[in-house]
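Chemist: no sequence for this one, just the structure:
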């Protein structure tokens, strides 16, 4: 049984957490995030710590308790340090091009694919084949990275495609030549 919901979250220096009914607001040096807490879960801030409590032991309530605790923790980390996902393009001619608020992706199609960068994220390009996505919301950073990776996921035979930096792609053996 998970006890993540019972974890007491300590508020870091420079981070401010406010609870107004069901709305939790977290402010920090990098920005501000809000979360609407689902009904049976209660959130309290006392003496520089955040407590989440549940009124009963139903399975769905326990699940919501742990999820709420993790979401608040992710918000506090995001407004203080931020989140970053790195992507790399592997393959001949596969590359990224960041221009303005769009990412151009050349990944073996007959045309380059362009994706608009959300307003709350920053995308920086370290080389033609590597980009870094950063922002304060863990969900929006991961969603945008998954959207880019989904254009051309790595294939198992040659390993070509767009992957997270450091991601291991399990390779398969191709066809054998007939004797």
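Modeler: That came through, no problem. Note that the structure is predicted; figures quoted are calculated from it, not measured. Numbering: from 1, shown residues only.
Chemist: What lies in contact with whichever helix in the chain runs longest?
Modeler: Longest helix in the chain by number of residues (criterion: DSSP state H): helix 59-80. For helix 59-80, contacts defined as CB atoms under 8 Å, 6 or more residues apart in numbering pick out 1-2, 4-7, 9, 11-12, 14-15, 17, 24, 26-33, 35, 37-38, 40-41, 43, 50, 52-55, 83, 135-139. Just so you know, the C-beta spots here come from the backbone N, C-alpha and C atoms, and that holds for glycine as well.
Chemist: Could you do stretch 105-113 as well?
Modeler: Residues outside stretch 105-113 that contact it (CB under 8 Å, 6+ apart): 89, 91, 93-97, 104, 114-115, 148, 151-152, 160-162.
Chemist: tell me which residues of the longest helix of the chain are tucked away?
Modeler: Buried positions in helix 59-80, judged by neighbour count with 16 or more other CB atoms under 10 Å: 61-62, 64-66, 68-80.
Chemist: Can you tell me the strand partners of the next helix or strand after that helix and which way each runs?
Modeler: Moving toward the C-terminus from helix 59-80, the next helix or strand (DSSP states H and E) is strand 83-90. Strand pairing for strand 83-90, determined by DSSP bridges: strand 130-135 (antiparallel), strand 161-164 (antiparallel).
Chemist: Kindly provide the whole-number mean pLDDT of the last one.
Modeler: Mean per-residue pLDDT for strand 161-164: 96.
Chemist: neighbours around residue 173, how many?
Modeler: Residues near residue 173, counting by other CB atoms under 10 Å, number 7.
Chemist: Now a ChimeraX select for only the buried ones of the contacts of stretch 105-113.
Modeler: In ChimeraX, this line selects whichever of the contacts of stretch 105-113 come out buried by 16+ other CB under 10 Å:
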select :89,91,94,95,96,148,151,152,160,161,162
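Chemist: Please narrow the contacts of stretch 105-113 to those residing in helices.
Modeler: residue 148.
Chemist: Which two of the contacts of stretch 105-113 have the greatest separation?
Modeler: The most widely separated members of these, counting by CB to CB, are 114 and 160 (20.5 Å).
Chemist: okay, which residue is most central for this structure?
Modeler: Compute the mean C-alpha point of the chain, and by CA atoms, centre = their mean the closest residue is residue 142, 2.8 Å away.
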